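[1] have a look; sequence and predicted model below, questions after that.
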There are 2 protein chains.
Amino acid sequence: MPDLVAARDVEALNEWLNQAGTLEIAEELARLDPAERAIPFRLLAKDRALEVFEALDPLHQQELLEGLREAGVGQLFEDMDPDDRARLVDEMPAKVAKRLLAGLSPHERALTATLLGYPENSAGRVMSPEVVNLRANQTVGDALARLRRIGTSAETIYALPVTDESRRLVGALGLRDLVLADPDQRIGDLMDEEVYSAHVDQDQEEVARLIQEADLLALPIVDAEGRLVGIVTVDDAMQILEEEQTEDVARAGGAEPLAHPYLSVSVLGLARSRVVWLLVLIVAATLTVNVLNIFEATLANVVALALFIPLVIGTGGNAGSQSATTVTRALAVGELRNTDVVLVVLREARVGLLLGAMLAAVALIPVSLFVGQQIATIVSLTLLAVCTLATLVGSLLPLLARRLGFDPAVMSAPFISTLVDATGLVVYFLIAKAILGI
Amino acid sequence: MPDLVAARDVEALNEWLNQAGTLEIAEELARLDPAERAIPFRLLAKDRALEVFEALDPLHQQELLEGLREAGVGQLFEDMDPDDRARLVDEMPAKVAKRLLAGLSPHERALTATLLGYPENSAGRVMSPEVVNLRANQTVGDALARLRRIGTSAETIYALPVTDESRRLVGALGLRDLVLADPDQRIGDLMDEEVYSAHVDQDQEEVARLIQEADLLALPIVDAEGRLVGIVTVDDAMQILEEEQTEDVARAGGAEPLAHPYLSVSVLGLARSRVVWLLVLIVAATLTVNVLNIFEATLANVVALALFIPLVIGTGGNAGSQSATTVTRALAVGELRNTDVVLVVLREARVGLLLGAMLAAVALIPVSLFVGQQIATIVSLTLLAVCTLATLVGSLLPLLARRLGFDPAVMSAPFISTLVDATGLVVYFLIAKAILGI
């Protein structure tokens, strides 16, 4: 498509758009230069345009709105789901947001304002306020008639919360059970009384995980009084989990998460996301300079010791990064709890000892042939100690971070490597001094 | 709960089970000793027991089946969804699987056998063969009547594939549109003709990503002739994505993915998942020993050079791990394509240069005060070079891996660090020799 746009070949572009799928169009739009996106977008039929628009990332939505100028923008904005609209407004410059919000119908504006009133990352921000509820004392026939009347505007009618007279959540029913039931049955007799729900202030990630673990299509959201105020759907849950995941992965690699898709972040933006951690780590690495400085006399005496510095600290870093990623992931998917610290640390200490012993055994003979038996003993003992230490630290830090209320992913592989580097060097030189008697 | 089980306090246990949610019970069961899980499980009512069973991980399902012995096992196995049952059979020892499959009703056995016939990780393995299809020439009223007749056994009736006379997929319709439509309308006029589908041999991860990106509740699966053979639901998609994610995270940390939940893997199993990579990395690290050995004369001459070895290689490792994780993630979520190699490498080279220049500037003054100006120049120039090099290598390797058909996550942070270590040292000593004139 990019070449068709560049050539302004409207006919060929129209042909391409007609045979392409919605997702495909959205993907190609995202890869175009922001200034050019309006060209193919204007060629889409109105319904199709809304579908494509909804498939775009908030950043690309905003850029497209700017590219379209006035024509059609207001309608596009009006037709969005309130939760998607709230997400988009979050990304926009305040001035643009204000102008667009002012153009909305009073009903849609009120819905959006409600969502934007909830704290960032809360369930309230991502829920759809247009939720259809059933009443426990309705019959199935009445409920279906009501759905036919009002069901088109709701985000989902597949998972139907059941409420009492004061809108308090008392149960839930799937549309499937409703359709398959006898029209005279009472909703209250049919509904599932074990109903999952979340509080409007609850963290989005918790809500998304609950939807995933309980295999739900949607989760009712209630306020402090237990009254139904909205619903979060499974597609929102998947998006939240993917974003959380991207954040965790970035942190695990020692970088700040990117706010936008990779190709939409400038070189300067990429550098900014990484420079803070690199600086923190380089300052932490001055610890290793100090350690080596303290042991400079030993080093000058036996230069062969320097040969194994990268190997020793590299192995520590690797072992630490292995246990840190394993434990961080187990925490993220809920396999471990905050209280499992002792259990995990005991397990990891044994894993570290085992791995260290294996590496020490493997290193012993080649190193003795290469530089002599004393150095080989030093290297092997250091590997054993460093491996155990690194595995222990790597598992302990994410657990501690979680207990203190931080994201365990901040205890990244680079962070743990750097921390273990200095300690590993101290161990190495202490063992060397003891064995060499210097 | 664990203490109630240990105390065999059936009364208190019953009370706890009555007030606990399904997920909560499953979670507590998973944390019990395998031998003890049957005790609380037997206390559950039949329907509840099936729900709890379905919420368990396949490993825990299998252990529970063994713990329950004959009583009730057959019924539990018969009542499972065919796709969940196929996943469970995959985990079981062949002998147990054979015995259990023999106990199934002919219908359920045939369904399971079909799924198990598809290749591992294919859509066929996870789809539900019990899919309800509509006919394009049916009316809405007929379709609803048919759903009431056969809809209870299907895994989902929310996303309804529409087929022609020879079961070829021609469209799709949501249950919501069906319920809200006029009973006399023809399905063919109502259905969405832009229908997403996947081939039965297609990779599970692709199928799951399509469900996520297109916000689907279920995706029809077709055979080579385009005939409908099953359907994959959104909850299966979420599970597939979570498993893929766990694999990627493990690989990024330099370990083999665990086959089971963390707490169910023995210390030996944990060590096994990590030892191969540690050995590979330690062998690769002997490169650094060789490099240092070559430059031993330089090192013996200026021992101060040794002080900065960990800092220089550590920074290279960190910069490489940052760009590797960023690029790997962008590939995983589909923001980058295989063909973007040149584009990405050019961007990352500029990011690396920028970061390297900043670090070099930061290091220059403290190092000159600490050890002198010549060494400071060497360290700064090395940081600039190593940072650029590491960022470049870190972005290039995942892209190359993907182009060659491997999982980009294999190009893990530890792997890239180790690779960059040796090169970084060469750069360091070459710069040192040039500047010191030795």
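    Nice, thanks for sending it over. Computed from a predicted structure; not experimentally measured.
[2] these two touch, right, A:Ile39 and A:Arg8?
    Yes. Applying CB atoms under 8 Å as the test, A:Ile39 and A:Arg8 come out as touching, 7.4 Å apart. Using the backbone N, CA and C atoms, a C-beta is placed for each residue, glycine as well.
[3] what ranges do the strands span in chain A?
    A:134-135, A:159-163, A:169-174, A:198-199, A:218-222, A:228-233 (DSSP state E).
[4] dump those strands to CSV, plus mean pLDDT and distance to A:Gly141.
    As requested, the strands of chain A are arranged in CSV below (pLDDT from 0 to 100; distance: least, CB to CB, whole Å):
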stretch, mean pLDDT, distance to A:Gly141
strand A:134-135, 92, 12
strand A:159-163, 93, 15
strand A:169-174, 92, 14
strand A:198-199, 96, 31
strand A:218-222, 95, 23
strand A:228-233, 94, 22
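[5] switch those over to JSON lines; also include distance to chain B.
    Formatted as JSON lines, the strands of chain A follow (distance: least, CB to the nearest CB, whole Å):
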{"stretch": "strand A:134-135", "distance to chain B": "14"}
{"stretch": "strand A:159-163", "distance to chain B": "10"}
{"stretch": "strand A:169-174", "distance to chain B": "8"}
{"stretch": "strand A:198-199", "distance to chain B": "13"}
{"stretch": "strand A:218-222", "distance to chain B": "10"}
{"stretch": "strand A:228-233", "distance to chain B": "9"}
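[6] would JSON lines of these with distance to B:Gly314 and mean neighbour count be doable?
    JSON lines is the format used below for the strands of chain A (distance: least, CB to CB, whole Å; neighbours: other CB atoms under 10 Å in any protein chain shown):
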{"stretch": "strand A:134-135", "distance to B:Gly314": "60", "mean neighbour count": "22"}
{"stretch": "strand A:159-163", "distance to B:Gly314": "50", "mean neighbour count": "24"}
{"stretch": "strand A:169-174", "distance to B:Gly314": "53", "mean neighbour count": "20"}
{"stretch": "strand A:198-199", "distance to B:Gly314": "43", "mean neighbour count": "20"}
{"stretch": "strand A:218-222", "distance to B:Gly314": "44", "mean neighbour count": "26"}
{"stretch": "strand A:228-233", "distance to B:Gly314": "43", "mean neighbour count": "25"}
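[7] to B:Leu101, which of these lies closest?
    Closest approach to B:Leu101 among the strands of chain A (CB to CB): strand A:169-174, 30.5 Å.
[8] show me what that closest one packs onto, helices and strands only.
    Contact partners of strand A:169-174 among helices and strands, from 3 or more CB pairs under 8 Å, 6 or more residues apart in numbering or on different chains; DSSP states H and E: strand A:159-163, helix A:187-190, strand A:218-222.
[9] change it to 6 Å
    Counting contacts by 3 or more CB pairs under 6 Å, 6 or more residues apart in numbering or on different chains; DSSP states H and E, strand A:169-174 packs against strand A:159-163.
[10] residue ranges with poor pLDDT in the stretch 151-300 of chain A?
    Filtered on pLDDT under 70, the stretch 151-300 of chain A yields no residues whatsoever.
[11] can you show me the helices along it?
    In the stretch 151-300 of chain A, the helices defined using DSSP state H, counting those that start in this stretch lie at A:175-180, A:187-190, A:204-213, A:234-252, A:267-294, A:296-301.
[12] out of the ones you listed, which gets nearest to A:Ala376?
    Per CB to CB, nearest to A:Ala376 of those: helix A:296-301, 17.3 Å.
[13] near chain B at all, the closest one?
    Yes. Helix A:296-301 is in contact with chain B by CB under 6 Å from any CB of the partner chain, via A:299-300.
[14] can you show me the CA trace of that helix as CSV?
    Extracted in CSV, the C-alpha atoms of helix A:296-301 (Å, rounded to 0.1, in the frame of the first residue of the first chain):
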residue,chain,number,x,y,z
GLU,A,296,45.1,-4.3,42.9
ALA,A,297,48.2,-5.6,44.7
THR,A,298,46.9,-9.2,44.5
LEU,A,299,46.1,-8.6,40.8
ALA,A,300,49.5,-7.1,40.0
ASN,A,301,51.1,-10.1,41.7
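[15] give me the distance from it to the chain's centre.
    For helix A:296-301, the separation from the chain centroid amounts to 47 Å (computed by CA atoms, centre = their mean, to the nearest Å).
[16] list the contacts of that helix.
    Outside helix A:296-301, the residues within contact range by CB atoms under 6 Å, 6 or more residues apart in numbering or on different chains are A:305-306, A:429, A:438, B:303, B:306.
[17] contacts only, for A:Asn293.
    A:Asn293 touches B:Leu307, counting by CB under 6 Å, 6+ apart.
[18] can we see that at 10 Å?
    Applying CB atoms under 10 Å, 6 or more residues apart in numbering or on different chains, we find A:Asn293 in contact with A:286, A:299, B:304, B:306-307, B:370-371.
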